[in-house]
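Asks: compute the structure for the input listed below.
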Amino acid sequence: MAGWLRLLRFAHPASLARPASSYARPVTGVRAAEVLGDPSAEELVVPLQRLTDDLPDPSYAHPGDAGADLRSAVDAVIAPGGRATLPTGVAVAVPDGWAAFVHPRSGLAARHGVTTLNGPGTVDAGYRGEVKVTLVNTDPDEAFEIRRGDRIAQLVLQRVARVRFVPVEALEPSVRGAGGHGSSGGWGASGEQPAAPSVPRKPTTDQVEKEAR
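Replies: The predicted structure follows:
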């Protein structure tokens, strides 16, 4: 488990030309021990380019948080049932072997019904453009107002594997098999709810009287 824990720090290089893979380096000494309890952990330094100067960098609200808060670089109003793609004023160079994922903020979802439309959004290692967030307002009646600098999403960095897919004639069997959507909740492998068992109906009063004649 400790091997997956990482410190994340956003750096400000003159440009994003330097290979992002060169920014991951070991952290030793008191800092790593105090923060992670693991002196062998790595610090992941992510180059960050500010596209506007008056907004805070992505940051963590609490120690141990997985997501760094992203802020809106513009004012906006999202109509009931509407959506908007908002700039965050930052671009990042994610190291090779990693990806950044844009997650919704639970407070916005719980209090206002506002969440990310394609959650989580993916920021690939090769992407150098501005990080943007598409929000949707699920409230049927109230518009949602966003002010420049408001926190609108979270950025989570995770390791990702580069996969080579190998065609085969058949897949190895498993306990789950082809059970897909909802299969653990009583739905079949086809996605259709199983038919309820038939229960004999009680005869009505009219039927009883008719049979008694």
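Asks: tell me the phi and psi of Arg151?
Replies: phi -80, psi 130 (degrees, to the nearest 10).
Asks: quick check: it vs Pro95, distance?
Replies: 25 Å (Cβ to Cβ, to the nearest Å). C-beta: built from backbone N, CA, C; applies to glycine.
Asks: who has more neighbours out of these two?
Replies: Pro95 (20 against 17; other Cβ atoms under 10 Å).
Asks: check that one and give its pLDDT.
Replies: pLDDT for Pro95: 95.
Asks: where do the strands sit along this protein?
Replies: 6-11, 24-26, 42-50, 68-71, 76-78, 83-92, 98-103, 114-116, 121-123, 130-137, 144-146, 151-159 (DSSP state E).
Asks: mind putting the ones you listed into JSON lines with mean pLDDT and distance to Val166?
Replies: JSON lines is the format used below for the strands of the chain (pLDDT from 0 to 100; distance: least, Cβ to Cβ, whole Å):
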{"stretch": "strand 6-11", "mean pLDDT": "57", "distance to Val166": "30"}
{"stretch": "strand 24-26", "mean pLDDT": "43", "distance to Val166": "29"}
{"stretch": "strand 42-50", "mean pLDDT": "88", "distance to Val166": "31"}
{"stretch": "strand 68-71", "mean pLDDT": "98", "distance to Val166": "36"}
{"stretch": "strand 76-78", "mean pLDDT": "98", "distance to Val166": "44"}
{"stretch": "strand 83-92", "mean pLDDT": "98", "distance to Val166": "33"}
{"stretch": "strand 98-103", "mean pLDDT": "97", "distance to Val166": "23"}
{"stretch": "strand 114-116", "mean pLDDT": "96", "distance to Val166": "34"}
{"stretch": "strand 121-123", "mean pLDDT": "96", "distance to Val166": "24"}
{"stretch": "strand 130-137", "mean pLDDT": "98", "distance to Val166": "34"}
{"stretch": "strand 144-146", "mean pLDDT": "98", "distance to Val166": "46"}
{"stretch": "strand 151-159", "mean pLDDT": "97", "distance to Val166": "22"}
